[in-house]
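A.B. asks: I'll drop the sequence and a predicted model, then ask my questions.
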Amino acid sequence: MIPWLSIELDFPPVSSALTEPTGPNGLLAAGGDLSPPRLLAAYTQGIFPWYSPGEPILWWSPDPRMVLFPGEVKLSRSLAKTLRNAAYNIRFDTAFSATISACAQKPRSGQSGTWISAEMMTAYEKLHQLGYAHSVETWVDGELVGGLYGIAIGRVFYGESMFSHVRDTSKIAFAHLCAYLKQQEFGIIDCQMETTHLTSLGAHLIARNDFVAKLVALTQSGPAPGPWPAMAIDGYFKEAR
């Protein structure tokens with residue numbers, strides 16, 4: 001059995017999360033709410049919500065953890081060429097609602113629906129208004145065609161989801177995110193779960209204890225919450241030709 005959260009913001013220690021074969025890897029607790037204080041408390045401890053509509057809120061902290069260091073992003077030759085030559089624009093925080101909505105609507109292999117419910121979207125909209133949640137958007141001819149969103153606390157970026165309406169446009173957004181985070185001296189990107197897509201971009205697994213130890217230091221320093229400069233990184237890779 002896993003603990004049921006009360007009105008208090010306290011979470012059980014992540015070391016108590018279930019592991020195979022006793023249960024799903026990383027399942028820690030259930031219940032509670034998606035209020036900004038609870039979500040921020042969760043993320044700073046290496047915990048995130050993930051559940052299907054109709055289920056109670058489930059909280060996770062898997063071991064090992066998928067992460068990427070901003071300076072270690074891998075760009076394939078074809079993606080590097082696209083970054084240099086494609087007619088796109090990168091924007092931050094100009095279409096957060098549209099970005100999270102597109103992520104929710106994107107079909108996922110092996111999934112019949114989305115975990116990004118209306119309740120989740122409302123919760124992350126509130127974090128966006130408070131300056132913690134951010135969108136990285138790829139625009140072509142004035143149309144939003146790809147992007148991602150996540151949470152920034154201190155010098156940690158917690159990636160949540162990405163989408164592409166046009167090939168490679170989520171990867172373009174991710175490459176620019178890494179460039180910006182490296183410039184701003186962020187220490188780590190939390191990718192949560194292992195996927196082949198993230199592995200191809202340079203993410204890898206580390207022990208949860210190591211991940212949590214990094215959070216202790218990195219979430220205590222860094223830029224204050226607030227919107228990111230909308231056009232600050234547009235052209236980084238184009239200018240490298």
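C.D. replies: That came through fine.
A.B. asks: what segments of this protein are helices?
C.D. replies: Taking DSSP state H, the helices of the chain run over residues 36-44, 77-85, 96-105, 118-129, 169-183, 196-200, 208-218.
A.B. asks: nearest to residue 54, out of those?
C.D. replies: Residue 54 sits nearest to helix 118-129 of all the helices of the chain, at 10.7 Å, using Cβ to Cβ. From N, CA and C alone the C-beta is placed, and that goes for glycine too.
A.B. asks: what is that closest one packed up against?
C.D. replies: For helix 118-129, the helices and strands in contact under the criterion 3 or more Cβ pairs under 8 Å, 6 or more residues apart in numbering; DSSP states H and E are helix 36-44, helix 96-105, strand 133-140, strand 143-153.
A.B. asks: what sits against the residue nearest the centre of the chain?
C.D. replies: When Cα atoms, centre = their mean is applied to the chain, the residue found nearest the centroid is residue 159 (1.0 Å). By Cβ atoms under 8 Å, 6 or more residues apart in numbering, the residues touching residue 159 are 148, 150, 189-192.
A.B. asks: do the same with residue 73
C.D. replies: Residue 73 makes contact with 174-175, 178, 201-202 under the criterion Cβ under 8 Å, 6+ apart.
A.B. asks: okay if I get the residues you listed as CSV plus neighbour count, distance to residue 1 and pLDDT?
C.D. replies: Compiled in CSV, those are given as follows (neighbours: other Cβ atoms under 10 Å; distance: Cβ to Cβ, whole Å; pLDDT from 0 to 100):
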residue, neighbour count, distance to residue 1, pLDDT
174, 27, 38, 94
175, 25, 43, 94
178, 26, 40, 95
201, 20, 37, 91
202, 18, 38, 94
